[in-house]
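Q: predicted coordinates and the sequence they were generated for:
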Amino acid sequence: MTTNERGVHTPKVVLVTGASRYIAGYLVSKLAQNPSIDRVIAVDMKSPSKDLLRKMGRAEFVRADIRNPLISKVISTNLVDTVVHASMLTHPPKAGSRAAMKDQNVLGAMQLFAACQKAPSVRKVVLKSSSAVYGCSAKDPIKFSEQMSARKPPRGGFALDTIEVEAFARGLGRRRPEIAVSTLRLSPLVGPRLNSAVSRYFASPVVPTILGRDARMQLLHEEDALAVLEHGTVSGPAGTFNVAGDGVIMMSQGVRRAGRVEAPMPFFLFKSAGRALMGPIMREFSKEQLDYFNFGCGLDTTRMRTELGFEPRWTTLQAFDDFVKGASLRPVIKPEWIDSAQDKLLELVGAPVGAQR
């Protein structure tokens, strides 16, 4: 492992967990195309699809469970110097329970970071984390900085697991200060190819919302998620960084731009009536995801630019529009009709056309 002019280690042998999934798998593909990296080792409990394996190119796939102490042998025998942990589960596995999810997330991270601590070759760890650690509530600030914590304890298992895993990563950094630990807290992802919670929510023709609330959503495009993970792996410094696109999109604005029909309802009816409107889609959402659709979450991304040195290509609004375009959503209500009506209303009150968009 070498060091660049910024004092950041340049990786030579990189191990990426969660390689059978979209984000981690395509990250492996990007890293494998980097000529400065000698080897890329993709790890997961199940094999990636044939198409994804083909895209991984020269990367080596190792079928392994990071909860097994044998992961330590994979790291030590291959002289891995950089580990990217991107295998956190957001939902319980299909054949498992919340306990199985916690086992994979928490025990898996514990074993992986213990292996990193024991391996003299490891000099960098990148953790794909989430803004879910901040929770979502009516008490939230306009923007969370990295020094802040949740104003109200998160309800969902994924958020609770992520908080624990981040604590393990900080512990690793204290015990092995020569290891640069980078924690990237990504905002919710959207994009034309990614089956995310936000995309599933707005795919429903009728979108249930909370009466009297209009969640402020700050999103990250799938391509920017891959780009920041690649940047963090290759040249990013140690530290904790919020990562999100510029600006926000209000829930009502998103419903309109997606051509959906908004169905406001009291919070106590949100899940029951929402299931009647959205069918099985509503049952798929975790508690933290439902809270996000209720309150939203804003992130202060100053450190992302000044210290991490990353600039997203897509704003929140552009990322959302690209998802709508790529998903080929058929509008229930054409946005052009609403835009025209809004422009006429603004003309009547003497406001500049387009001022409210």
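A: Arrived safely.
Q: alpha carbons only for contacts and neighbour counts from here, please
A: Fine.
Q: read off the pLDDT value for Lys139.
A: Reading off the confidence values, Lys139 has pLDDT 92.
Q: tell me the secondary structure at Val43.
A: At Val43 the chain is in strand, as set by DSSP: H, G, I helix; E, B strand; the rest coil.
Q: settle this for me: it is touching Val14, isn't it.
A: No. Val43 lies out of contact with Val14 (CA atoms under 8 Å); the separation is 10.6 Å.
Q: how many neighbouring residues does Val234 have?
A: Neighbourhood size, Val234 [other CA atoms under 10 Å]: 22.
Q: and Thr302, how far from Pro93?
A: Distance of Thr302 to Pro93, computed by CA to CA, to the nearest Å: 35 Å.
Q: which residue ranges form the helices in the stretch 51-200 of the chain?
A: All helices of the stretch 51-200 of the chain, identified by DSSP state H, counting those that start in this stretch, fall at 71-77, 98-102, 108-118, 157-175, 197-203.
Q: go on, the stretch 201-350 of the chain?
A: Using DSSP H, counting those that start in this stretch, the helices of the stretch 201-350 of the chain run over 222-234, 251-257, 270-278, 280-284, 287-295, 302-306, 316-327, 335-349.
Q: what's the closest of these to Ile179?
A: helix 222-234 (12.8 Å; CA to CA).
Q: can you dump the C-alpha atoms of that closest one in PDB for me?
A: This file holds the C-alpha atoms of helix 222-234, laid out as PDB (Å, rounded to 0.1, in the frame of the first residue of the first chain):
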ATOM      1  CA  GLU A 222     -27.200   5.500  -7.300                       C
ATOM      2  CA  GLU A 223     -24.300   6.700  -9.500                       C
ATOM      3  CA  ASP A 224     -23.100   9.100  -6.900                       C
ATOM      4  CA  ALA A 225     -23.300   6.400  -4.200                       C
ATOM      5  CA  LEU A 226     -21.000   4.200  -6.300                       C
ATOM      6  CA  ALA A 227     -18.700   7.200  -7.000                       C
ATOM      7  CA  VAL A 228     -18.400   8.200  -3.300                       C
ATOM      8  CA  LEU A 229     -17.600   4.600  -2.300                       C
ATOM      9  CA  GLU A 230     -15.000   4.400  -5.000                       C
ATOM     10  CA  HIS A 231     -13.500   7.800  -4.000                       C
ATOM     11  CA  GLY A 232     -13.500   6.800  -0.300                       C
ATOM     12  CA  THR A 233     -11.800   3.600  -1.100                       C
ATOM     13  CA  VAL A 234      -9.100   4.900  -3.400                       C
END
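Q: got the angle for it vs helix 316-327?
A: Angle, helix 222-234 to helix 316-327, by axes from the mean of the first three to the mean of the last three CA atoms, to 10 degrees: 120 degrees.
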